[in-house]
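1. Predicted model follows, preceded by the sequence.
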Amino acid sequence: MEVRGGNRRGTGHLRRVMNYRVDLILAEEQRNATVLNPRSISRIAIMLLVLVIGYVVFRSVYGFVNLQREVSWLQERWDGSGPMSQKATQVRDALTLNLGTMDELKGWKESRLDWHTQIQPLEQVVPVTIQLFTLTMQQTLTTETGPARSALLIVDGRSVGEQAGENVERLKNVFETAPAYSGLVKRVEVPMFTADTTPGASKADRRFRIQSAYTERHFR
Amino acid sequence: MPFGIPLSFFLCADVQQARLPPNSTIDDERTGRKQQKKRMKSLHDMLDRLQPKLNDVVGIEITASSTVLARLHRTERGATLVGADILPAVLQSVEDAPPHPVALDIPSRLRGKYGAIAVNTAQATVRLVSLPGAVDAGSEAKLIEGLGLEKPSDYRIGHKVLVEGHGRSESRVLVVALPEKLAASLPQLLPSGSPVPHSVELSELAIMTAFTSTPAAAGGGSIFIAFGETVTLFAIFNRNALVLVRRFDVGTAAVLSKVKDSFGVDDDTAFGILCDSAFDISSIMKESIGPIAKQIVMGRDFVERRENCRMENVCVSGGLAASPGAMAELTAALGAQPATWSPFDALTDGGASVPESLRGHEWRFAAAIGAALATFGES
């Protein structure tokens, strides 16, 4: 017996309704009314598995075919660009060589000393009591700390008069302190200061030599 | 036994339902399935919670000539009709059902979530068996024996204990047998999608469920006669409880056939003759309805004496309910004017949504509506 809700026509009011069903369906013949049931879940799982496997296989095959196509295309490009590649290699080698040359030339330029800037101040500072005989400019290449050029300016001359020593010393100071030599000259020496033995020279006259050593100028 | 009616035909109230294994093969199969189900119990439990409620059911009656559909929706106020239709027969022969029949093509508006199938076939057997004491495992053989089947293993047998006996009192059990082939074939009519097969029962019992859902069965004693196509059901209810049920293998088709033979007319004309009073078909009715009416009278008298009650209503449903000749025969036999019963009386809306073309055929939906109502009753 069960109790059913009432209604106007049929079951009227709350009253008992007999259910005479003798159900002959088997449990396995019934289906789940929801979309989710063990059967549908297993079907979906199998379908998903097949889809995943299919996708992986498809991706692998597709990737393999794509790679083969790319290899083939690259091979064709490689074959077609062989002469160009050789030419490019030659151009690159020449460029490297030229760049090296240019660097070397730049180094020469950088290490070069403008001698006229070193001589020009002399005519302003050399007193009339000093006569210059020779100006010797020497340059040597050194490689001890990389390629570099070192320079040496040698001035030979005669200083006349009682103030000969002072004048030579003054000239030496010019090489040490004048702006034209500042930062360039590292050492100034007077290796020779002797009496002038030339005919007609007085006793106070002197022969002298001033050596001005320049700082090494590196190529770069 | 008085009037030749076996005592085992008397019924009362139901308390439980069980199903008998028709043979050991099915028994073994069931055991295997049970074990398999046990393993998946947790998953099933989880999924069962997602099961929609039994609120949207389409009752499906399978007969030899048609497929009757009635989709019901249960609301708080009661059951309402969503739609109904009568389709051509889906099984070429109900008696020789194929193991994998063609799927039933249900119109979308009639596709409920669950399908309650009722089958109308003369091959089914319904018996009320009385057993001393309680029904137990040892009673099964007696129940099967009570069916009087030649080869029970060919049948799917189910039973419902209507009265559980204690001590000396009898148990009364409604026992039903349906050919296994047919029983296995019916759920296959709904192989996928909605509706899902929920139950398989006999049309006669579904009609009884529908009848007891209407006011006609309420009150004192009621006699209910349902003229089916090939089977006529006769049941007596006392205070809305079934106390007698009989089933006669004579239906509207047999009477119609006699009219056709007598007048040499086609089906439609024969039905027309049956439904009007222009022709004298009293002899045919006496010949066809007379024996049934006699059995009904005997049963009524027996019940009235035994139950100490009086049958106040006689309700008739089915094709012959529209025949004045049949009604006259019954009136003469019973001494009371039968009232026409409509299964739509069991619905809150009275079947307002029945298509106009099906008006006058309300009785044909009795089993489908009863099957759906029985499903609502299970939840």
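-> In hand now; what should we look at?

2. Looking at the nearest residue to B:Arg172 once chain neighbours are set aside now. What's its pLDDT?
-> Distances taken as Cβ to Cβ, 6 or more residues apart in numbering or on different chains put B:Val163 closest to B:Arg172, at 4.2 Å, once the chain neighbours are dropped. Bear in mind the C-beta positions are built from the backbone N, C-alpha and C, glycine included. pLDDT, B:Val163: 77.

3. repeat for the one 5 residues further on
-> Looking at B:Arg168, its pLDDT reads 79.

4. need the contact list for the nearest residue to it once chain neighbours are set aside.
-> Among residues not flanking B:Arg168 along the chain, B:Pro132 sits closest, at 7.3 Å (Cβ to Cβ, 6+ apart). By Cβ atoms under 8 Å, 6 or more residues apart in numbering or on different chains, the contact set of B:Pro132 is B:165, B:168, B:170-171.

5. Am I right that B:Val58 sits in a strand?
-> Yes - counting by DSSP: H, G, I helix; E, B strand; the rest coil, B:Val58 falls inside a strand.

6. give me the number of residues near B:Ser203?
-> 27 (other Cβ atoms under 10 Å in any protein chain shown).

7. Okay, it and chain A: tell me how far apart.
-> 11 Å (Cβ to the nearest Cβ, to the nearest Å).

8. check contacts around that residue.
-> Going by Cβ under 8 Å, 6+ apart, the list of residues near B:Ser203 reads B:61, B:63, B:118-120, B:228, B:231, B:367.

9. one step back: for chain A, see how far away the residue nearest to B:Arg168 is.
-> Separation of B:Pro132 from chain A (Cβ to the nearest Cβ) stands at 22 Å.

10. Equivalent analysis for B:Gly335, please.
-> Using Cβ to the nearest Cβ, B:Gly335 is found at 27 Å from chain A.

11. Count the neighbours of whichever residue of chain B sits closest to chain A for me.
-> As assessed by Cβ to the nearest Cβ, chain A sits closest to B:Gly78 within chain B, at 3.4 Å. When counting by other Cβ under 10 Å, one arrives at 23 neighbours for B:Gly78.

12. So what pairs up with it in the strands?
-> Beta-bridge partners for B:Gly78, by DSSP bridges, are B:Thr75.

13. still on that earlier bit, who wins on neighbours among the contacts of B:Ser203?
-> B:Ala367 (35 neighbours).

14. Pretty sure that one sits against B:Ala206.
-> Yes - assessed by Cβ atoms under 8 Å, B:Ala367 is found in contact with B:Ala206 at 4.4 Å.

15. shared neighbours of these two, anything?
-> Common neighbours of B:Ala367 and B:Ala206 (Cβ under 8 Å, 6+ apart) are B:59, B:61, B:118.

16. Mind putting these into TSV with pLDDT?
-> Below are the shared contacts of B:Ala367 and B:Ala206 laid out as TSV (pLDDT from 0 to 100):
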residue	pLDDT
B:Gly59	96
B:Glu61	95
B:Ala118	95
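
17. With respect to B:Pro215, which of these is nearest?
-> B:Gly59 (20.2 Å; Cβ to Cβ).

18. what's the burial count for that closest one?
-> Using other Cβ under 10 Å, B:Gly59 has 33 other residues around it.

19. repeat for A:Gly161
-> Neighbours around A:Gly161, by other Cβ under 10 Å: 15.

20. what sits against B:Arg109?
-> By Cβ under 8 Å, 6+ apart, B:Arg109 lies in contact with B:71, B:82-83.

21. who wins for most neighbours among those residues?
-> Most surrounded of the contacts of B:Arg109: other Cβ under 10 Å gives B:Arg71, at 28 neighbours.

22. residue contacts, it?
-> B:56-59, B:81-84, B:109-112, B:372.

23. Throw those residues into a markdown table and include distance to B:Asp268, thanks.
-> Putting the contacts of B:Arg71 into a markdown table (distance: Cβ to Cβ, whole Å) gives the following:
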| residue | distance to B:Asp268 |
| --- | --- |
| B:Asp56 | 36 |
| B:Val57 | 33 |
| B:Val58 | 29 |
| B:Gly59 | 27 |
| B:Leu81 | 27 |
| B:Val82 | 30 |
| B:Gly83 | 26 |
| B:Ala84 | 22 |
| B:Arg109 | 28 |
| B:Leu110 | 26 |
| B:Arg111 | 31 |
| B:Gly112 | 32 |
| B:Ala372 | 30 |
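
24. ranges for the strands of chain A?
-> A:2-4, A:15-17, A:130-142, A:148-159, A:185-195, A:206-214, A:217-218 (DSSP state E).

25. swap in the stretch 251-379 of chain B?
-> B:311-318, B:339-340 (DSSP state E, counting those that start in this stretch).

26. what's the shortest one packed up against?
-> I take that to be strand B:339-340. strand B:311-318 (3 or more Cβ pairs under 8 Å, 6 or more residues apart in numbering or on different chains; DSSP states H and E).

27. Would the strand it packs on count as contacting chain A?
-> No - judged by Cβ under 8 Å from any Cβ of the partner chain, strand B:311-318 stays clear of chain A, getting no closer than 14.1 Å.

28. model confidence over that strand, on average?
-> 88.

29. Report the strands that pair with it, each with its relative direction.
-> In the sheet, strand B:311-318 lines up with strand B:221-227 (parallel), strand B:339-340 (parallel) (DSSP bridges).

30. contacts for the shortest one?
-> Read that as strand B:339-340. Under Cβ under 8 Å, 6+ apart, the answer for strand B:339-340 is B:216, B:313-317, B:321-322.

31. Tell me who's in contact with A:Leu141.
-> Counted by Cβ under 8 Å, 6+ apart, A:Leu141 has contacts A:147-149.

32. Go again with 6 Å.
-> A:Arg149 (Cβ atoms under 6 Å, 6 or more residues apart in numbering or on different chains).

33. Just grab the bridge partners of it for me.
-> Under the criterion used (DSSP bridges), A:Leu141 bridges to A:Arg149.

34. Serialize the strands paired with strand B:311-318 to a markdown table and add fields for mean pLDDT.
-> Formatted as a markdown table, the strands paired with strand B:311-318 follow (pLDDT from 0 to 100):
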| stretch | mean pLDDT |
| --- | --- |
| strand B:221-227 | 89 |
| strand B:339-340 | 88 |
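
35. out of these, deepest packed?
-> strand B:221-227 (a mean of 25; mean count of other Cβ atoms under 10 Å in any protein chain shown).

36. Next, the residues that contact whichever helix or strand comes after it from outside, please.
-> Using DSSP states H and E, the next helix or strand after strand B:221-227 towards the C-terminus is strand B:232-238. Strand B:232-238 is contacted from outside by B:204, B:208, B:217, B:221-226, B:242-248, B:250-251, B:292, B:296, B:303, B:307, B:309, using Cβ under 6 Å, 6+ apart.

37. Mind giving me the PyMOL select for these, buried ones only?
-> With 16 or more other Cβ atoms under 10 Å in any protein chain shown as the criterion, this PyMOL line picks the buried residues out of the contacts of strand B:232-238:
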select buried, chain B and resi 204+208+217+221+222+223+224+225+226+242+243+244+245+246+247+248+250+251+292+296+303+307
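
38. What about the contacts of strand B:232-238, which are in helices?
-> Within the contacts of strand B:232-238, residues falling in helices by DSSP state H are B:204, B:208, B:292, B:296, B:303, B:307.
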